[in-house]
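Undergrad: for reference, the sequence and a predicted model appear below.
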Amino acid sequence: MATINTNFLKLQSNYLFADIARKVANFKDSNPDSRVISLGIGDVTRPLVPAVVEALHKAVDEMGDAAHFHGYGPEQGYAFLRDLIMENDYKARGVNLSPDEIFVSDGAKSDVGNFQELFAPDSIVAVTDPVYPVYVDSNAMAGRAGDMAGKQWNRLVYLPCVRANDFVPDFPKTRPDMIYLCYPNNPTGTVLSRAALQGWVDYARREGCVILYDSAYEAFIRDPDVPHSIYELEGAQEVAVEFRSFSKTAGFTGLRCAYTVVPKALQISDGKGGKTGLNALWNRRQCTKYNGCAYIVQRAAAAVYSQEGRSQIEGVIRGYQSNAALLSAAVKEMGLEVFGGVNAPYIWVSVPKGMDSWGFFDHLLQSAALVCTPGAGFGASGEGYVRLTAFGSPEDTEEAIRRMRQLR
Ligand code: PLP
């Protein structure tokens, strides 16, 4: 009989969102007249901007025309998009990359989940805590996380990010091979300053680690001291892979387009005393397992860099940022401590004394018909916090704030 990869049996079912849905359903059954507002959604709600829709229509017409039809495209993405990414997201910020260091894909989730395949099965992995669960689970599937011991995996190195360290992870006692960093952070909404991120780049260079840098929320950065790309830091091309996405930048969650940067300067041990480049290996991996992001989607992504696209998208992001600012102020008025929400669409709220994160979730639901995400669902260090998101409509955000004020 065939045997499965037993690492899959070690995975915890992800009860977080199922538990939230069950509690919300029970509340609605008992309170059929109250309108529940979710401040827990991690998906965007505003539609694609007109410049993107126009590019999509045009590309669809091309696909129906024999003279302009596109079949399989390059696995790494079309040159027109890789060039635009290189020019606008990097060169414009003083970062020199060549287009063949940029790999276009159908999502940062798949890239971030797949990238671990390039590392030895016994590599030591460090993750921040609380954490976007994909980093943990993809390594657990590959056997790198070990076994669950209580609420944590016994082979992972956890880097707590809490109020006490200002949400800046400390260097670990155990030297990891791979370090996942996500900034602006999901779920805490916090960022690393240039100096703090340089510290991590220097650490990785000194210790021979690779940083897997997820910057899916880069478009929300407003503070000039916060780097948009890890490659703005000295030496980062030797130690870091960067994941970016059009999902939150331009509302592509349902369209699917992202990219991953693997600099040619990034070399790791070949296990035989020499070195090997991750760029060539990721290219090999993608060419074997992936057939490229849809042509029409890449044309839509290219429109994000047009003048109209850029200003239309800025308007949408500003709307979400305004929701975040209003929500943060309202929560502060409730007397609670608030983190994030300035350079990110996520607001991390410290729950009232005497409550845990599920207790505060229940309180908001029962007393104000508001849904948040309990921080404990993102890891042990998330206990004591809840996550609010700014992706709702302005009307729902206003109504949520009105209800919060009545709670005081
Ligand atoms: N990375 C982080 C930190 C995220 O929060 C998300 C989505 O919520 C993703 C990646 C997924 O991005 P994509 O939609 O490109 O797969």
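TA: On my side now, so go ahead.
Undergrad: what is the three-state secondary structure of Ile268?
TA: Secondary structure, DSSP: H, G, I helix; E, B strand; the rest coil: Ile268 is strand.
Undergrad: and stretch 202-215, which residues are buried?
TA: Using 16 or more other Cβ atoms under 10 Å as the test for burial, stretch 202-215 gives 202-205, 209-215. Where you see a C-beta, it was placed from the backbone N, CA and C, and this is true even at glycine.
Undergrad: could you give me the average pLDDT of the longest helix seen in the chain?
TA: Assignment by DSSP state H gives helix 307-333 as the longest helix of the chain. Average pLDDT, helix 307-333: 96.
Undergrad: got it, and stretch 29-39?
TA: Mean predicted lDDT for stretch 29-39 stands at 94.
Undergrad: so how far is it off the chain centroid?
TA: Stretch 29-39 sits 29 Å away from the centroid of its parent chain (Cα atoms, centre = their mean, to the nearest Å).
Undergrad: again with stretch 200-219
TA: Mean-position distance between stretch 200-219 and its chain equals 14 Å (Cα atoms, centre = their mean).
Undergrad: look up phi and psi at Tyr259.
TA: phi -150, psi 160 (degrees, to the nearest 10).
Undergrad: same check on the one 3 residues further on?
TA: Backbone dihedrals for Val262, given as degrees, to the nearest 10, come out at phi -130, psi 100.
Undergrad: so which bits of this protein are right by the ligand?
TA: Contact residues (Cβ under 6 Å from any ligand atom) of the chain with the ligand: 42, 107-109, 112, 132, 182, 186, 214, 216, 245, 247, 253, 258.
Undergrad: among the residues you listed, which lie within helices?
TA: Reading helices off those with DSSP H, I get 108-109, 112, 247.
Undergrad: which two among those are spaced furthest apart?
TA: Val112 and Ser247 (12.1 Å; Cβ to Cβ).
Undergrad: and whatever residue of the stretch 251-400 of the chain ends up closest to the ligand, what pLDDT?
TA: Proximity of the stretch 251-400 of the chain to the ligand (Cβ to the nearest ligand atom) peaks at Ala258, 4.0 Å away. Looking at Ala258, its pLDDT stands at 98.
Undergrad: then Lys151?
TA: If you check Lys151, the pLDDT there is 87.
Undergrad: state the number of residues packed around the nearest residue to it once chain neighbours are set aside.
TA: In this structure, Lys151 finds its nearest non-sequential neighbour in Ala380, 5.0 Å apart by Cβ to Cβ, 6 or more residues apart in numbering. Residues near Ala380, counting by other Cβ atoms under 10 Å, number 14.
Undergrad: do Gly146 as well
TA: 16.
Undergrad: for the stretch 151-300 of the chain, what spans make up the strands?
TA: Ranges of strands within the stretch 151-300 of the chain are 152-153, 156-160, 178-182, 210-214, 240-245, 258-261, 267-269, 275-277, based on DSSP state E, counting those that start in this stretch.
Undergrad: which stretches of this protein have low pLDDT?
TA: Low-confidence segments of the chain, defined by pLDDT under 70: 408.
Undergrad: pretty sure Ala126 is in a helix, no?
TA: No: applying three-state DSSP, one finds Ala126 to be strand, outside a helix.
Undergrad: out of the strands of the stretch 151-300 of the chain, nearest to Leu11?
TA: Going by Cβ to Cβ, the one of the strands of the stretch 151-300 of the chain nearest Leu11 is strand 152-153, 10.2 Å.
Undergrad: wait, what's in contact with the closest residue to Val162 other than its chain neighbours?
TA: Of all residues not flanking Val162 in the chain, Ser381 sits nearest, at 5.3 Å (Cβ to Cβ, 6+ apart). The contact partners of Ser381, taken as Cβ atoms under 8 Å, 6 or more residues apart in numbering, are 129-130, 158, 160-162.
Undergrad: what does Val95 give?
TA: 229, 231-232.
Undergrad: Ser245 is in contact with the residue of the stretch 251-400 of the chain closest to the ligand, correct?
TA: Yes: counting by Cβ atoms under 8 Å, Ala258 does reach Ser245; the two are 3.9 Å apart.
Undergrad: rebuild the contacts of Ser381 as JSON lines, extending it with neighbour count.
TA: Shown next, in JSON lines, are the contacts of Ser381 (neighbours: other Cβ atoms under 10 Å):
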{"residue": "Asp129", "neighbour count": "21"}
{"residue": "Pro130", "neighbour count": "27"}
{"residue": "Tyr158", "neighbour count": "19"}
{"residue": "Pro160", "neighbour count": "16"}
{"residue": "Cys161", "neighbour count": "25"}
{"residue": "Val162", "neighbour count": "18"}
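Undergrad: so which of those residues is the closest to the ligand?
TA: Pro130 (11.5 Å).
Undergrad: any idea how far that closest one is from Asp362?
TA: Per Cβ to Cβ, to the nearest Å, Pro130 is found 20 Å from Asp362.
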